[in-house]
Each structure stands twice: as C-alpha cells, then as structure tokens.
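Novice: pasting the structure only:
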C-alpha cells in the first residue's frame, strides 16, 4: 500500500475522464507546482537548462501577476505553463459558478498578457472529483495529475530521494514544487532525479510529446 502514497492506484485513475496520470510516450515528464517564486524559480530554470529538460509549470494566477519577469523567463526558456487556479484554493472552496469562471478568467488574463493559450490544468492539493475533470474538459483543458509525488514540499531531501529511487518509472509524471518550501533542496532534487533516470536509461520528454 505504501506505493499508493507516491503513485495512485489504477482503479482510482480509471474513474477520471479527461485526465492524464502517466505520459503517453514512455518518457518522463517533470512538472512543478505553485510558482513562480522569487526564491526558487530561477534555481529551477538554471538546473533545467543545465540538464536540457523542458518542464511543465502549474502556476498560481496571483503569483504570475506578482512576478511577471519570472513568468516571462519560464516562457522564454521554452517551458509550458498550466493553470493551478488563481489563489491556490481547493475547487470545493469555490461555489459552482466561480469554480469554472475563475479558471476561464485565469486563462483569459494570461492570454491577454502573454499571447499564450493555457490548455492544461492541475488542481491544488490534487483534490478533484471525476465530474469536475469532465467539466474542465468541456472548457478546453486537460487535467494533468501525476504518477510520482516526491513530497519535496516537506523540505526533506532524503524523502525526495526515497520516492525517486523506489517509485520512478519510465513514463512517470513527476511532481516537484516551485516554492519557498523547496528552495533549499530543489537543485539537488533535480540532480538526483536526472541521475537515477540516466542510470535506468529513462529519457525526459517535452510536455507536448508526453501529453499528446
């Protein structure tokens, strides 16, 4: 049962429509939640560039608005940005109308500022119901979950290494975090992920090829 804390069981995944849990091309996809962050984003971008990895950043709207320069750096570096809600609130904390109009408002504001269409969504805390993923699909977005949760937000590098060593698979969608909680371990976490992937002959894919 321990593994389900890192990679949800197949029976749970089967309940969700319009939802991606693993990559479709047999490559790894690295994702970062909760940014951008003035303490951490630049560290992540430098490491990704060093390892020639294109990642998927699920960003919080109010943080994008607060850090436009970091937002532009993510895009200029060739990475993909997804919707992680405006205030990082659980979907259940919005009323039904606000829940979906808020997601569309996020995408509209982003396109106005960066001429960029957001097509991917990840719910804060991973909390979502199957009927919500169906509705999000009707709004033109795909919900992207994960098949490896690293627990890096606990700021414990040993826990990150344990999760990667024991549960990384060739088609994993890996979750890390772009936040102050991870600023002291994020560089070593990325390095360790790359090391293990290389030793197992796993390859990193781009968001486009992994989610096509």
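Specialist: Right, received. Where do you want to start? Only a predicted model underlies this, so the values are computations on that prediction, with no experimental measurement involved. Numbers count the residues shown, from 1 in each chain.
Novice: where along this structure do the strands fall?
Specialist: Using DSSP state E, the strands of the chain run over 19-20, 29-33, 56-59, 80-83, 120-121, 142-144, 148-149, 173-177.
Novice: who's in contact with residue 55?
Specialist: 29, 30, 31, 32, 44, 48, 79, 80, 207 (Cβ atoms under 8 Å, 6 or more residues apart in numbering). C-beta coordinates here come from the backbone N, C-alpha and C atoms, glycine included.
Novice: Of the residues you listed, which is the nearest to residue 92?
Specialist: Nearest to residue 92 among these: residue 31, at 22.4 Å, using Cβ to Cβ.
Novice: So in terms of bridging, what pairs with the closest one?
Specialist: residue 56, residue 175 (DSSP bridges).
Novice: Please name the residues that touch it.
Specialist: 55, 56, 57, 58, 122, 144, 146, 173, 174, 175, 176.
Novice: now this protein, which segments are flagged as low pLDDT?
Specialist: For the chain, the stretches with pLDDT under 70 are 1.
Novice: all helices of the protein, in order?
Specialist: All helices of the chain, identified by DSSP state H, fall at 10-13, 41-51, 61-66, 68-76, 96-114, 130-138, 157-167, 186-199, 207-210.
Novice: Out of those helices, flag the one nearest residue 4.
Specialist: Using Cβ to Cβ, the nearest of those to residue 4 is helix 10-13, at 8.3 Å.
Novice: Just name whatever secondary elements the closest one is in contact with.
Specialist: Helices and strands touching helix 10-13, by 3 or more Cβ pairs under 8 Å, 6 or more residues apart in numbering; DSSP states H and E: there are none.
Novice: what comes into contact with it?
Specialist: In contact with helix 10-13 (Cβ under 8 Å, 6+ apart) are residues 19, 21, 145.
Novice: Repeat that for stretch 156-163.
Specialist: By Cβ under 8 Å, 6+ apart, stretch 156-163 touches 6, 148, 149, 150, 151, 152, 185, 188, 189, 192.
Novice: Going by distance to residue 212, which of those wins?
Specialist: residue 148 (20.0 Å).
Novice: wait, the closest one sits on residue 170?
Specialist: No. With contact taken as Cβ atoms under 8 Å, residue 148 and residue 170 are classed as non-touching, separated by 11.3 Å.
Novice: quick one on the thing from earlier: take the contacts of residue 31 and write them to JSON lines, including distance to residue 197.
Specialist: Below are the contacts of residue 31 laid out as JSON lines (distance: Cβ to Cβ, whole Å):
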{"residue": "55", "distance to residue 197": "13"}
{"residue": "56", "distance to residue 197": "16"}
{"residue": "57", "distance to residue 197": "19"}
{"residue": "58", "distance to residue 197": "21"}
{"residue": "122", "distance to residue 197": "22"}
{"residue": "144", "distance to residue 197": "19"}
{"residue": "146", "distance to residue 197": "16"}
{"residue": "173", "distance to residue 197": "13"}
{"residue": "174", "distance to residue 197": "9"}
{"residue": "175", "distance to residue 197": "15"}
{"residue": "176", "distance to residue 197": "13"}
